[in-house]
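**Q** please work out how this folds:
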Amino acid sequence: MFKKPKEYLLKHFNLDTDTFAFLAQSKDYLSTGVALKLLGLISIPIFTFLLAPKDYGTLAIFSSTVSILIIFLAISIKGGIYRRFFEKKQDFPEFLGSNLILLGILCIVSLAIAYFFGQLFSSFFNISPKLFFIAVFASIFSVIFNIYAIILQAKKLSKQYSKLTVCQSILLLIFSVIGIYLFKEKGYLGVIYAIVLVGVIFSVYSVLKFVKLIKFTFKKEYLKYSLLFGLPLLPHALGSYVLTFFDRIIIGQLTNMTEVGLYSFAYNIGMIMTMFISYSTMAWSPIFLENITNKSFEKIDNLAKKYVKVICILALTLILFVKDLLLILTTKQYHTALDIIPIIILGYIFFFLYTLYVGYAEYQKKTWIISINTLIAAGVNIFLNYMLIPIYGYTIAAYTTLIGYALLFMLNYLTARYLLKERVIRLTYTLGSVLILSLMTIGYLIIAPMINNLVILLIIKFILLGLMILILFRKPREYLILFIRNIIYHKPSLK
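**A** Presented below is the predicted three-dimensional model:
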């Protein structure tokens with residue numbers, strides 16, 4: 001039994017090979033994500049103790065600047081590289097070499113623009129020209145490593161990917177703490193320089209690895225492939241940036257860095273949810289591509305159904321317990337931001353649903369549809385933020401982000417089903433679990449303020465979590481669905 005765990009699990013737990021492969025890959029990615037977020041949790045009391053909300057806000061704006069620069073530098077060529085790996089492996093080294101030459105040219109152009117027009121861009125992002133120039137370097141190093149990481153993902157080398165990313169985060173935390181102490185009153189500068197230093201180390205490592213993988217050629221057909229795949233995704237990437245980061249810049253423009261810091265703190269906690277989403281998506285994507293190519297729609301449905309249940313249970317666990325942990329780990333000046341964390345987590349649930357349906361447009365290479373949908377959702381988000389933040393303050397940005405992600409999910413579902421005519425994952429497999437999660441969350445948010453006894457509140461939390469697990473994974477859920485269907489359609493009950 002213990003000598004062949006794969007065969008045992010396939011036989012005794014009724015797992016098909018795709019589900020087992022998904023779980024095996026997800027295990028590595030999720031364990032990596034857990035390790036990274038544990039490091040993040042360790043850093044929270046350190047950063048909140050050593051950095052004031054104003055400095056935390058400046059650091060958040062710097063990170064947001066780096067994120068948007070990465071989008072323009074990569075021109076979404078990462079997606080083209082990932083897709084090419086699955087199509088024509090024999091010429092992949094030449095293809096990768098051509099794309100890296102293009103990336104080098106873009107890096108030189110970006111540095112020139114930063115040198116001559118840095119003042120203009122820095123005033124928009126509300127940071128100094130010096131920090132903007134440093135952000136350009138940080139983004140270059142990040143893109144180099146990210147391209148190597150996407151190759152590891154395509155090759156399903158999840159263990160190697162995990163070791164690298166965990167090592168990167170450990171070094172970043174160590175160097176950041178050292179940097180904060182070295183710069184004292186401007187501790188955020190210490191973190192920024194730590195980001196650059198770690199970026200240098202891992203980009204150099206990636207370049208050394210690329211030497212073994214690539215052949216430097218410059219063929220227009222390879223660049224055309226990447227650009228045709230990637231350029232239509234540029235608006236999508238910008239829209240995703242708006243939904244994820246731009247609210248912080250708007251808060252900085254309309255209020256102050258202290259509110260940026262408070263919102264960023266809450267958002268970073270809520271982004272723990274992205275750990276489960278992004279790392280399991282790395283395992284989901286290649287399996288999804290293989291099954292949709294083979295027209296194995298039922299396999300996709302069954303895997304997605306299990307996938308959504310697990311993600312929703314993890315989300316409810318965070319919503320119920322993360323605030324208690326943060327009350328202990330953080331200083332009081334950050335506690336006012338804790339109440340919006342459940343809303344941020346729910347927003348990321350809709351982002352997760354979006355990742356399930358966006359793959360259909362990517363499969364058909366109609367990435368312009370993804371871009372249009374993302375731009376619509378981003379436009380709505382920007383409009384709501386500029387209208388509501390001056391009235392309700394930074395907390396409303398959590399609700400506008402939730403609306404934006406919900407709209408993004410629905411747009412991609414509708415286009416995949418009705419415009420692309422794909423046989424998509426059934427909504428009953430996705431929205432059913434999300435509805436239960438939403439009801440549990442609303443119930444908790446109503447009940448929690450009424451309970452002063454911590455022991456009783458803790459018991460209620462475990463009851464809610466256990467009830468959700470029971471509903472999602474036990475027979476009562478099936479009988480409830482049958483009962484509702486019988487009422488609606490007036491069919492006789494099934495024995």
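**Q** which secondary structure elements does the helix or strand containing L435 contact?
**A** Using DSSP states H and E, L435 falls within helix 427-447. Identification of packing neighbours for helix 427-447 by 3 or more CB pairs under 8 Å, 6 or more residues apart in numbering; DSSP states H and E yields helix 297-329, helix 341-363, helix 454-473. Glycine gets a C-beta too; all of them are placed from N, C-alpha and C.
**Q** show me which positions of it end up buried.
**A** 429-430, 432-434, 436-438, 440-441, 444 (16 or more other CB atoms under 10 Å).
**Q** contacts for it?
**A** Contacts with helix 427-447, where a contact means CB atoms under 8 Å, 6 or more residues apart in numbering, come from 301, 304-305, 308-309, 312, 315-316, 319-320, 342, 346, 349-350, 353, 356, 413, 460-461, 464, 467-468, 471-472.
**Q** what is the orientation angle of that helix with helix 297-329?
**A** Going by axes from the mean of the first three to the mean of the last three CA atoms, to 10 degrees, helix 427-447 is angled at 20 degrees with respect to helix 297-329.
**Q** chain center to helix 427-447: distance?
**A** Helix 427-447 sits 21 Å away from the centroid of its parent chain (CA atoms, centre = their mean, to the nearest Å).
**Q** likewise for stretch 277-288?
**A** When distances are taken as CA atoms, centre = their mean, stretch 277-288 is centred 11 Å away from the chain's centroid.
**Q** got the CA positions of the helix holding L435 in PDB?
**A** Extracted in PDB, the C-alpha atoms of helix 427-447 (Å, rounded to 0.1, in the frame of the first residue of the first chain):
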ATOM      1  CA  LEU A 427     -22.500  27.300 -13.500                       C
ATOM      2  CA  THR A 428     -24.100  24.900 -11.100                       C
ATOM      3  CA  TYR A 429     -20.600  23.400 -10.400                       C
ATOM      4  CA  THR A 430     -19.200  26.900  -9.600                       C
ATOM      5  CA  LEU A 431     -21.800  29.300  -8.400                       C
ATOM      6  CA  GLY A 432     -23.400  26.800  -6.100                       C
ATOM      7  CA  SER A 433     -20.400  26.500  -3.800                       C
ATOM      8  CA  VAL A 434     -19.800  30.300  -4.000                       C
ATOM      9  CA  LEU A 435     -23.400  30.900  -2.900                       C
ATOM     10  CA  ILE A 436     -23.000  28.700   0.100                       C
ATOM     11  CA  LEU A 437     -19.700  30.500   1.000                       C
ATOM     12  CA  SER A 438     -21.400  33.900   0.600                       C
ATOM     13  CA  LEU A 439     -24.300  32.900   2.900                       C
ATOM     14  CA  MET A 440     -21.900  31.600   5.600                       C
ATOM     15  CA  THR A 441     -19.900  34.800   5.400                       C
ATOM     16  CA  ILE A 442     -22.900  37.000   5.700                       C
ATOM     17  CA  GLY A 443     -24.200  35.000   8.600                       C
ATOM     18  CA  TYR A 444     -20.800  35.300  10.400                       C
ATOM     19  CA  LEU A 445     -20.600  39.000   9.800                       C
ATOM     20  CA  ILE A 446     -24.100  39.400  11.300                       C
ATOM     21  CA  ILE A 447     -23.600  37.100  14.200                       C
END
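**Q** could you pull up the mean pLDDT of it?
**A** Averaged across helix 427-447, the pLDDT comes to 87.
**Q** over to stretch 322-339?
**A** For stretch 322-339, mean pLDDT is 82.
**Q** show the end-to-end separation of that stretch, please.
**A** 11 Å (CA to CA, to the nearest Å).
**Q** about what we covered before: now the buried residues of helix 427-447 as a markdown table including distance to F85?
**A** Shown next, in a markdown table, are those (distance: CB to CB, whole Å):
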| residue | distance to F85 |
| --- | --- |
| Y429 | 29 |
| T430 | 28 |
| G432 | 35 |
| S433 | 32 |
| V434 | 32 |
| I436 | 38 |
| L437 | 35 |
| S438 | 38 |
| M440 | 40 |
| T441 | 39 |
| Y444 | 44 |
